[in-house]
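Participant: Below: sequence and its predicted model.
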Amino acid sequence: MRSKVVKLLLKKELLDVFRDRKAVIMLVLVPILIYPLIFFGAFAVMTMIQSNMEQGEYKIMLDVDDDGELASRLEAYGEKESEKSSSTDASKTEKLSVVTYDDYISSEKIDTTGKSQDDMVNEFLQKEEIDVYVTTEADSNGKLTYKSKYVSSITDSNYGETVVNKVLGQMSADQMKATIEEAGLDAEDVTHPFKIDRKDIASKEQSAGSLLGMILPFMLIVSLLMGTMYPAIDTTAGEKERGTLETLLTLPVRNTEIIIAKFLTVAFMGIISALLNILSMAVMIIYVLKLMQSKMASSMGFDISNFHVSTFVPAMIVTVLAVLAFSLFISAITMCVSAFAKSYKEANNYITPLTLIVMLTGYIGFIPNINLTNKMAMVPVANICLLVKEMLLFKADMGVVAIVLLTNVLYAGIAIMFLGKIYNSESVLFDEGRSNLQLFEKRSNMVKGGVPTSGDAWFLVFFGMIAYLYVGSMFQMNYGIMGILYSQLLILALPLIYVIYTKKSIRKTYSFNGFRPLKFLGALIFFIGVFLAENIFTSLMYELFPEQLDSMNQGMTATLMGDNFLVSILIIALAPAICEEMMFRGFIFSGFRSRYKIVASVIMVSLIFGIYHTSLIRLVPTAMLGAGFAVIVYYTGSIFPSMVMHFLNNSLAVIAMYYPGVLEDTFPLIFSEDMTVLGSLVVGAISVIMIAGGVTIMRKLK
């Protein structure tokens with residue numbers, strides 16, 4: 001590789017990026033302006049709302065039978081607040097005006113003919129003529145119940161009810177104290193039989209780090225993703241769309257030099273965007289610290305005296321290193337994804353699933369009690385979030401820091417190698433119309449037969465995800481286990497309607513083909529190997545997230561246990577085996593295979609399958625199973641074996657829920673919750689052998 005050539009190509013790529021006005025706005029102006037605008041905008045709105053409430057006048061209508069006690073207390077409260085406000089700011093004159101129902105009707109000369117008092121009060125509240133209406137009701141023992149009526153959607157009414165509730169609470173406390181003292185007891189001793197002395201030994205730096213540790217990592221990875229996304233698209237799909245890629249490939253330069261130059265450009269722009277985001281956030285944090293040091297902040301209970309920013313210097317250094325390492329990784333990934341697109345618009349569609357995965361994984365920083373172990377240090381995205389979080393909490397050790405940084409660099413290297421394969425493939429770089437979206441063409445122009453295009457597949461991925469999340473969730477919330485069946489039927493119907501409308505071949509799209517018995521045997525052996533590998537990974541995830549997985553299993557068990565075992569098998573095992581296979585290994589897989597290589601198609605359909613199950617913790621195990629089902633369809637040429645394997649997998653899950661312990665007692669080495677390292681190695685070896693054996697049988701018969 002010639003460094004001089006790489007420098008020239010790098011200069012060319014950087015100039016192309018900076019000439020793009022949209023990229024400059026997203027990479028430079030947005031990070032600098034977004035946080036100040038959000039902060040000052042929110043601060044201004046909150047100040048305005050608070051000021052309006054403090055300067056407002058709230059009209060309380062009473063129809064109570066308490067000898068005027070509530071009215072006098074409300075008036076006293078209003079006078080007290082006015083005196084308090086006038087001593088600090090004369091413009092803040094919060095007022096309470098109290099009026100009875102009868103007095104208001106007579107003073108305003110309101111005609112109540114044909115209307116009940118309740119209807120009149122509702123009308124007054126909705127028209128904002130009054131803010132709160134309070135009435136009383138006595139039980140058989142003469143005990144009063146104060147009932148307030150207000151409109152929560154109206155700010156003044158909502159705030160006025162808060163004031164009334166506060167006054168009633170104080171009135172109740174005073175009456176309780178008087179009753180206790182009348183009985184000859186000490187009210188303080190009765191109401192507070194013991195004292196509580198709370199002492200937080202966390203330093204101010206630890207408290208601040210805890211808050212920043214939840215927010216900062218997520219914002220960092222999102223800003224890095226946004227910072228690399230636009231230059232990655234521009235240097236790959238954008239160059240295809242402009243028609244300059246062909247010219248570049250004809251120059252006397254190597255593909256490796258082109259890739260390195262493009263990669264360095266994207267990584268450089270991502271780092272700039274992330275550092276600008278950090279700088280912008282730092283300015284806001286410093287401003288907030290200065291604000292909290294003011295006398296006004298002290299009066300509000302904020303005290304950050306003796307707060308030492310210097311204690312965060314190690315965290316800042318490691319955060320910058322993490323930004324550099326993650327920038328290399330995410331730059332390579334975004335370039336790999338966008339390299340498959342032939343236009344800017346298409347690349348944006350491809351980037352969307354990546355954005356969802358990164359953002360969902362980034363939420364791990366908000367989950368309590370998840371620590372950065374050696375195993376978690378190798379999980380992409382999550383390791384960066386947890387590293388920054390633990391550095392801000394002063395908990396991470398240098399060994400784990402090194403693992404996180406090195407694994408991100410390693411993953412980036414693997415992605416660059418994959419990118420090199422893409423740039424050596426003319427079928428990927430120069431697509432020949434196999435990705436068009438056919439849904440919006442005239443139906444009379446559609447050619448009968450064939451399979452969906454990759455554009456059709458991507459459209460159904462996004463549209464189906466929206467429908468599944470909203471409509472499917474509604475089904476499951478309202479109809480329980482039957483809602484799961486309705487969701488599966490939705491997954492089945494969407495691609496089937498699409499196939500029929502676009503005149504595609506149902507048999508070819510869904511691989512409705514026969515298969516030889518020996519191929520099925522190979523598929524079964526292969527599936528058992530994949531199942532064992534997935535089970536090992538699930539055991540690892542259980543060690544990392546035991547509470548989350550227990551909660552998930554309990555929720556599913558609660559849904560199923562109210563129904564018959566056979567019904568659960570039909571809905572949880574059989575329905576997904578048919579519907580999900582026809583969606584993912586049928587429509588989507590055939591659409592991807594019409595354009596992409598088989599490896600890329602398997603990886604993409606498996607990741608989409610994992611995302612559809614909307615569980616971050618189960619994402620990888622589910623994707624592993626999805627990849628196994630896709631390989632079975634590819635080698636057998638039929639979707640029916642994958643349906644059978646899918647049914648077997650889900651049936652085992654239902655059996656484990658209805659009859660806990662049966663599988664563990666029968667197959668202790670496979671289903672044991674406390675799998676040892678030796679046991680994992682043995683099962684892993686068996687898994688590898690069965691996967692290799694199953695693939696060998698299926699390939700020889702292909």
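Facilitator: Received the coordinates, thanks.
Participant: Could you point out which residue ranges in the stretch 251-400 of the chain have low pLDDT?
Facilitator: Low-confidence segments of the stretch 251-400 of the chain (pLDDT under 70): 285-309.
Participant: in it, which spans are helices?
Facilitator: For the stretch 251-400 of the chain, the helices defined by DSSP state H, counting those that start in this stretch occupy 255-292, 295-299, 313-338, 344-362, 382-392, 398-423.
Participant: so which of the ones you listed is the most packed in?
Facilitator: Highest mean neighbour count among these (mean count of other Cβ atoms under 10 Å): helix 382-392, with a mean of 26. For the C-beta atoms, the positions are set from N, CA and C on the backbone; glycine is no exception.
Participant: List of residues touching it?
Facilitator: Outside helix 382-392, the residues that touch it by Cβ atoms under 8 Å, 6 or more residues apart in numbering are 209-210, 212-214, 216-218, 220-221, 312, 314-315, 318-319, 322, 325-326, 361-362, 364-365, 370-372, 376-377, 396, 400-401, 403-404, 407-408.
Participant: for it, the distance to its chain's centre please.
Facilitator: Helix 382-392 sits 18 Å away from the centroid of its parent chain (Cα atoms, centre = their mean, to the nearest Å).
Participant: Equivalent analysis for stretch 223-237, please.
Facilitator: In terms of Cα atoms, centre = their mean, the centre of stretch 223-237 is found 21 Å from the chain centre.
Participant: what about it, average pLDDT?
Facilitator: What stretch 223-237 shows for mean pLDDT is 82.
Participant: so where do the strands sit in the stretch 551-700 of the chain?
Facilitator: In the stretch 551-700 of the chain, no strands are defined using DSSP state E, counting those that start in this stretch.
Participant: wait, I meant the stretch 51-200 of the chain
Facilitator: 57-63, 95-100, 132-138, 144-149.
Participant: by contact count, what packs against the second one?
Facilitator: Secondary-structure packing of strand 95-100 (3 or more Cβ pairs under 8 Å, 6 or more residues apart in numbering; DSSP states H and E): strand 57-63, helix 69-88.
Participant: Now the residue located most distally from the centre of the chain, what are its backbone angles?
Facilitator: Largest separation from the mean C-alpha position in the chain: Gly184, at 58.7 Å (Cα atoms, centre = their mean). In terms of degrees, to the nearest 10, the main-chain angles of Gly184 are phi 80, psi 20.
Participant: Equivalent analysis for Glu128, please.
Facilitator: Torsion angles at Glu128 (phi, psi; degrees, to the nearest 10) stand at phi 60, psi 30.
Participant: How about the contacts made by it?
Facilitator: Contacts of Glu128 by Cβ under 8 Å, 6+ apart are 154, 156-157.
Participant: swap in Leu532?
Facilitator: Neighbour list for Leu532: 670, 683-684, 686-687, 690 [criterion: Cβ under 8 Å, 6+ apart].
Participant: Next, please give the residue ranges for the helices of the stretch 501-650 of the chain.
Facilitator: For the stretch 501-650 of the chain, the helices defined by DSSP H, counting those that start in this stretch cover 506-510, 517-544, 546-560, 565-568, 575-580, 589-593, 598-612, 619-636, 640-658.
Participant: right, and those helices - which one's nearest Ile272?
Facilitator: Nearest to Ile272 among the helices of the stretch 501-650 of the chain is helix 598-612; the distance by Cβ to Cβ comes to 29.0 Å.
Participant: Now do that closest one: which elements does it pack against?
Facilitator: Going by 3+ Cβ pairs under 8 Å, 6+ apart, helix 598-612 lies up against helix 344-362, helix 454-467, helix 589-593, helix 619-636.
Participant: Turn those helices into TSV, including distance to Gly514.
Facilitator: As requested, those are exported to TSV (distance: least, Cβ to Cβ, whole Å):
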stretch	distance to Gly514
helix 344-362	34
helix 454-467	25
helix 589-593	17
helix 619-636	10
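Participant: what about those, which gets the closest to Asn564?
Facilitator: When the helices and strands packed on helix 598-612 are compared by Cβ to Cβ, helix 619-636 sits nearest Asn564, at 25.9 Å.
Participant: Next, the angle from the closest one to helix 640-658.
Facilitator: Per axes from the mean of the first three to the mean of the last three Cα atoms, to 10 degrees, the angle that helix 619-636 makes with helix 640-658 is 150 degrees.
Participant: Report the buried residues of helix 619-636.
Facilitator: Using 16 or more other Cβ atoms under 10 Å as the test for burial, helix 619-636 gives 619-636.
Participant: And for stretch 174-186?
Facilitator: By neighbour count on 16+ other Cβ under 10 Å, the buried set for stretch 174-186 is Ile180.
Participant: One more: stretch 8-24?
Facilitator: Residues 9-10, 13-14, 16-17, 23 are the ones in stretch 8-24 that count as buried (16+ other Cβ under 10 Å).
Participant: cool, and stretch 507-514?
Facilitator: For stretch 507-514, using 16+ other Cβ under 10 Å, the buried residues are 508-511.
Participant: I'd like those residues laid out as JSON lines, including pLDDT and distance to Glu69.
Facilitator: Below are the buried residues of stretch 507-514 laid out as JSON lines (pLDDT from 0 to 100; distance: Cβ to Cβ, whole Å):
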{"residue": "Lys508", "pLDDT": "94", "distance to Glu69": "82"}
{"residue": "Thr509", "pLDDT": "94", "distance to Glu69": "77"}
{"residue": "Tyr510", "pLDDT": "94", "distance to Glu69": "76"}
{"residue": "Ser511", "pLDDT": "93", "distance to Glu69": "79"}
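Participant: how about the helices and strands packed on strand 95-100, which one is nearest Val654?
Facilitator: In terms of Cβ to Cβ, the element of the helices and strands packed on strand 95-100 nearest to Val654 is strand 57-63, at 58.1 Å.
Participant: Mind listing the strands the closest one pairs with, and their directions?
Facilitator: Looking at strand 57-63 with DSSP bridges, its partner strands are strand 95-100 (parallel), strand 132-138 (parallel).
Participant: Comparing those by mean pLDDT, which bottoms out?
Facilitator: Least confidently modelled of the strands paired with strand 57-63 is strand 95-100, at a mean of 84 by mean pLDDT.
Participant: thinking again about what came up before, could you dump the helices of the stretch 251-400 of the chain to TSV with distance to Phe592?
Facilitator: Shown next, in TSV, are the helices of the stretch 251-400 of the chain (distance: least, Cβ to Cβ, whole Å):
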stretch	distance to Phe592
helix 255-292	24
helix 295-299	57
helix 313-338	13
helix 344-362	12
helix 382-392	27
helix 398-423	15
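Participant: returning to what we had before: can you say which of the helices and strands packed on helix 598-612 is nearest to Leu540?
Facilitator: helix 619-636 (9.3 Å).
Participant: Next, the angle helix 598-612 makes with the closest one.
Facilitator: Angle between the axes of helix 619-636 and helix 598-612 is 140 degrees (criterion: the same axes, to 10 degrees).
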